[in-house]
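Chemist: Pasting a predicted model and its sequence here:
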Amino acid sequence: MCINGQSITRYNSFGYSVNEGLLQSTIGSIAVDKNNFCWISFPIGIQKFDGRNFINIPVQAGLPDNKAVHFFKCSNGDLLISHSGGISKYEIDRNGFELIYKNAPSESSQAIFIGEDEDIIYFMSKKGTIKGIDLINQKMVSETKTDFSVYPSGLYYPPIFSDNIINHKVGINFNYKLYLWDLKQRKIRAASSSFSDMSLYLLRLKNDQEIIYYSYKINNGLQLYNFSTETNSTI
């Protein structure tokens, strides 16, 4: 006798390419705003997808650059866009943009979004300064110079931040080491020894003292590093 655990359901899938209106086949960043429109970043521009049509987003007031941008969706649904000119906020009610942070003349590259903590959006500038903008009044409330550099000499990748924040702490993968940065205290709380086998594509805090990363060498598995005990284990 055969007993099915659940009914078989057919799911439809759709594929989109430049033939269906996609701007390019190379995608840098994707986000969905609070109206469920999908935003896509390309090396040469931005598109908004409404489920049927791809809409090109040109450079305009409040959005001085649209090439190779990065998106960040806030907890309240606001969409932020990091570009060479700074950070813009998409004003969904008027379908326009507002420049909430302007890069200094020496910072002609996109800031790296770190995350949101207590209504503050944290990001890192080109020179390695961690800054915070209050989402409510859109004012700069935090600015801390660090030893991290977005484009460090001799290193092919910028700092990689964990995709979550716990108790004001965020994990950082930089120069083959793991760091625990306290956003509120504005300092490094702990650091690991060097791990040359760390992947650049996974970094997540398990709690405010343990971080998960992927290893290329140790059984090709997930690793758990404990900042308190300075020990590493395979998950």
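Modeler: Structure's in. What do you need? Numbering: from 1, shown residues only.
Chemist: Would you mind naming the residues that bridge with the closest residue to residue 29 other than its chain neighbours?
Modeler: Taking Cβ to Cβ, 6 or more residues apart in numbering as the measure, residue 29 lies nearest to residue 41, with 4.0 Å between them; neighbours along the chain are not counted. For glycine as for every other residue, the C-beta is placed from the backbone atoms N, C-alpha and C. For residue 41, the beta-bridge partners are residue 29, residue 46 (DSSP bridges).
Chemist: Give me the neighbour count for residue 41.
Modeler: Residues contacting residue 41 under the criterion other Cβ atoms under 10 Å number 27.
Chemist: Tell me the first helix or strand C-terminal of the helix or strand harbouring residue 99.
Modeler: Assignment of secondary structure by DSSP states H and E places residue 99 within strand 96-102. Per DSSP H and E, the first helix or strand lying C-terminal to strand 96-102 is strand 112-117.
Chemist: and that next one, which strands flank it?
Modeler: When sheet partners are counted by DSSP bridges, strand 112-117 sits next to strand 120-124 (antiparallel).
Chemist: distance between the strand it pairs with and the chain's centre?
Modeler: In terms of Cα atoms, centre = their mean, to the nearest Å, the gap separating the centre of strand 120-124 from the centre of its chain is 10 Å.
Chemist: same deal with stretch 69-79?
Modeler: Relative to the chain's own centre, stretch 69-79 is displaced by 10 Å; criterion: Cα atoms, centre = their mean.
Chemist: and if you look at stretch 21-40?
Modeler: 15 Å.
Chemist: Can you tell me the centre-most residue of this structure?
Modeler: residue 113 (4.9 Å; Cα atoms, centre = their mean).
Chemist: pretty sure residue 58 is in contact with residue 65, am I right?
Modeler: No - Residue 58 sits out of contact with residue 65 when judged by Cβ atoms under 8 Å, with a separation of 10.9 Å.
Chemist: of the two, who's got more company?
Modeler: Between residue 58 and residue 65, counted using other Cβ under 10 Å, residue 65 has the larger neighbour count: 19 against 8.
Chemist: Quick check: the more buried one vs residue 46, distance?
Modeler: For residue 65, the distance to residue 46 under the criterion Cβ to Cβ, to the nearest Å works out to 10 Å.
Chemist: circling back: isn't the residue nearest to the centre of the chain up against residue 73?
Modeler: No - applying Cβ under 8 Å as the test, residue 113 and residue 73 come out as separate, 9.9 Å apart.
Chemist: Could you measure from residue 111 over to residue 38?
Modeler: Distance from residue 111 to residue 38, counting by Cβ to Cβ: 22 Å.
Chemist: Kind regards, and thank you for your time.
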